[in-house]
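In: Coordinates for the following, if possible.
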Amino acid sequence: MKISHADVRFRLFVLYLFSRMFHIDTMTEFSDQSPLRRKARASLSNAAGCFDLQRAAVDDGWSNTTDSDEPEVPKIETDIRFEQARSLINYNKSPDLPFDRSINTYRGCEHGCIYCFARPTHAYLGLSPGLDFETRLIARPNAAEVLRHELSSPRYKVATLAIGTNTDPYQPCERALKLTRDCLQILSEFAHPVAIVTKGALVERDIDILAPMAAQGLVRVGISVTTLDPDLSRRMEPRAPSPARRLAAIRRLRDAGIPVRIMCSPLVPGLTDHELEAMLAAGAEAGADAASWIMLRLPREVSTLWQEWLAEHAPLRAEKVMNRLREMHGGRDYDPRWGQRMRGEGPYADVISNRFKAACKRLGLNQRSEPLRSDLFARPPQAGDQLALF
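Out: Next comes the predicted model:
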């Protein structure tokens, strides 16, 4: 898909109008005790990130009041800003990841999963990993254009590209912005292998791109299911699709011939771990052909946000959850070492691993997935290219 300059300008204008629809005052601070946090948001605070000055909300006495003397507070809207990406493909050398490159079309995620390990990345932007991560998003409208440029480089060497490893590529704003879809169209043109991770049922929209790629062995999708309890899901992941809707997405993708993995990630000890076998069975019934799991991870500010959430939503289980996590991380809330950060270690981690393996064997989810193909990769002709003589 070749995007003209006129199309880019029109797209930017549409994105600008869209951002105005969802704009909020960037100077607004949210009190930890404000009812603002109660409406479809997971974070209970908006503390400064580790690279920012500490902030605190102050009552200046000018708040509007009702007859009950309770302050009138507006609903927290989502603020979407735009940045022009200079590069898009991120490379990593992590030995415990099955990919060495990824792209992210968005910073922050409106799904608002309270446990999200990506929350601390918002601190690099001078924003809070708390409510800011859920409500102050950054989109990259030129993502597809930059991706095309990077893939066209003669120095580029093809390998599976991961999408959704940091923030969800199918979060609500993608419905209008279509940045993930634009990137998938570029990957399809180049016959480039791609692995997608998402909670968003919006992935179904792109079946018209994904199905032909799957027929060539170029794509695999992972759908994350953290619990089958819709009430718990709503509180942990307030703007993500319900568990039943995600299972329906697995079925729809499989019906289109797209291989799908059910990802029990993260598994929360003392809260969702008892559902492991049931989640795997539901995924297998929906058509998933593979499975994976990752233990809850609490890097940096995520630990504080998670413990605030536990105290609010599961106070009777809070101590058990944290004790289990610390047992697996040498007494700490989180162990960042490669090889340990995803699963933990010790008797409890071994029990979970053995349960997972037994369930996958019983359900037929233990088959090794075929590697995605890289041999089909080809740079499509560009304007100004010299034509081949033969």
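In: List the buried residues of stretch 195-207.
Out: 195-203, 205-207 (16 or more other CB atoms under 10 Å). Every residue, glycine included, has its C-beta placed from N, CA and C.
In: my guess is residue 80 is in a strand, correct?
Out: Yes. Using DSSP: H, G, I helix; E, B strand; the rest coil, the assignment for residue 80 is a strand.
In: For the helix or strand encompassing residue 285, C-alpha coordinates in CSV please.
Out: Under the criterion of DSSP states H and E, residue 285 resides in helix 276-286. Output in CSV follows, covering the C-alpha atoms of helix 276-286 (Å, rounded to 0.1, in the frame of the first residue of the first chain):
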residue,chain,number,x,y,z
LEU,A,276,-5.4,-22.2,35.0
GLU,A,277,-6.8,-25.5,33.8
ALA,A,278,-10.3,-23.9,33.1
MET,A,279,-8.7,-21.1,31.0
LEU,A,280,-6.7,-23.6,29.0
ALA,A,281,-9.8,-25.8,28.4
ALA,A,282,-11.8,-22.8,27.3
GLY,A,283,-9.1,-21.7,24.9
ALA,A,284,-8.8,-25.2,23.5
GLU,A,285,-12.5,-25.4,23.0
ALA,A,286,-12.5,-22.1,21.2
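In: Is it correct that residue 264 falls within a strand?
Out: Yes. Per three-state DSSP, residue 264 lies within a strand segment.
In: tell me the contacts of it?
Out: Taking CB atoms under 8 Å, 6 or more residues apart in numbering, we find residue 264 in contact with 225-226, 276, 279-280, 291-294, 356.
In: Of these, just the buried ones, ChimeraX syntax please.
Out: Paste this into ChimeraX to select the buried members of the contacts of residue 264, with burial taken from 16+ other CB under 10 Å:
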select :225,226,276,279,280,291,292,293,356
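In: contacts for stretch 225-233?
Out: With CB under 8 Å, 6+ apart as the test, stretch 225-233 has contacts from 113, 236-237, 240, 242-244, 246-247, 262-268, 271-272, 275, 278-279, 282-283.
In: Would you mind pulling up the elements that the helix holding residue 285 packs against?
Out: helix 243-255, strand 260-267, strand 290-295, helix 347-363 (3 or more CB pairs under 8 Å, 6 or more residues apart in numbering; DSSP states H and E).
In: Show me what secondary structure element comes after the shortest one.
Out: With elements assigned by DSSP H and E, the helix or strand that comes after strand 290-295 is helix 302-313.
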